[in-house]
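In: predicted coordinates and the sequence they were generated for:
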Amino acid sequence: MIETAKQENVQELVENLNFKEKVDRSLLLIEEAYKRFGDSLVVANSLGKDSVAVWHLAKQVNRNIRGFIITTRFKPTDTVQFMHKQIAKYPELKIYENREWILPNLYETDPDLCCDILKVKPTRRAIEEMDVKCWVTGLRCTEGRTRVDFQEVEERDYGLIKLNPILIWQEREVWQYLALNQVDVNPLYAEGYRSLGCAPCTNITADPNERAGRWIGTGKCGGECGIHTRPLRV
Ligand code: SF4
């Protein structure tokens, strides 16, 4: 399945599989990848709803699967508190943070550079230090305009497989899974946020686009921080 998933018609899967079939497919993808990569399969956990769903799925496959969290100096207090709760529950989650000096308002003047320094760089470090051969993400193709062209299994960086096991899930199916499995989520969702990032770059909106509240007022609006688009092995 890992091999065929590289070429599947993602949109057809989104529309034609039911919730249970999607969950089973996600579990199978993680299971197969774990058989192949063992301990060098690692989950990237952003502490958002999609990540905690993927983390829960991975734990169904094998409770020893490790993960990493990329945090920044700009994460909302609620997210930081949620992170500490997750770490207390899952000590196999490792935190990475880049504390190098940057202009305090870099997120306004050059958000791409800010994300590159505070998010992409520590992701590269996590991948190198944890000896990752397959990283597992909570990316979904229905989240917004920048996420439609991904596959469930990718090799954007040579020798580094990226597995997106819930790529074909709809937002509703993520909440369905979390509710049915009573998974704890970041309390910011109760405030109305639908996609979470750093405090200065995350807003609540009524826009149908799930990521519309990210980087409002910049050319990056509704876009990407770079960990899914920039090379991770340099
Ligand atoms: S989301 Fe905003 S504050 Fe966070 S790293 Fe990116 S630009 Fe900087």
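Out: It's in.

In: show the pLDDT at the residue nearest the centre of the chain.
Out: With distances taken as CA atoms, centre = their mean, Gly138 lies nearest the centre of the chain, 3.9 Å away. pLDDT recorded at Gly138 is 97.

In: over to Pro111?
Out: pLDDT at Pro111 comes out at 96.

In: tell me who's in contact with it.
Out: Taking CB atoms under 8 Å, 6 or more residues apart in numbering as the criterion, Pro111 is in contact with 201, 215, 218, 220. Where C-beta positions appear, they are placed from N, C-alpha and C, glycine not excepted.

In: reformat these as JSON lines; add distance to Lys75, secondary structure and neighbour count.
Out: Output for these, formatted as JSON lines (distance: CB to CB, whole Å; DSSP: H, G, I helix; E, B strand; the rest coil; neighbours: other CB atoms under 10 Å):
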{"residue": "Cys201", "distance to Lys75": "11", "secondary structure": "helix", "neighbour count": "21"}
{"residue": "Trp215", "distance to Lys75": "15", "secondary structure": "coil", "neighbour count": "24"}
{"residue": "Thr218", "distance to Lys75": "18", "secondary structure": "coil", "neighbour count": "15"}
{"residue": "Lys220", "distance to Lys75": "18", "secondary structure": "coil", "neighbour count": "20"}
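
In: need the residues you listed in TSV with pLDDT and distance to Thr72, can you?
Out: Putting the contacts of Pro111 into TSV (pLDDT from 0 to 100; distance: CB to CB, whole Å) gives the following:
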residue	pLDDT	distance to Thr72
Cys201	96	10
Trp215	92	14
Thr218	89	16
Lys220	87	15
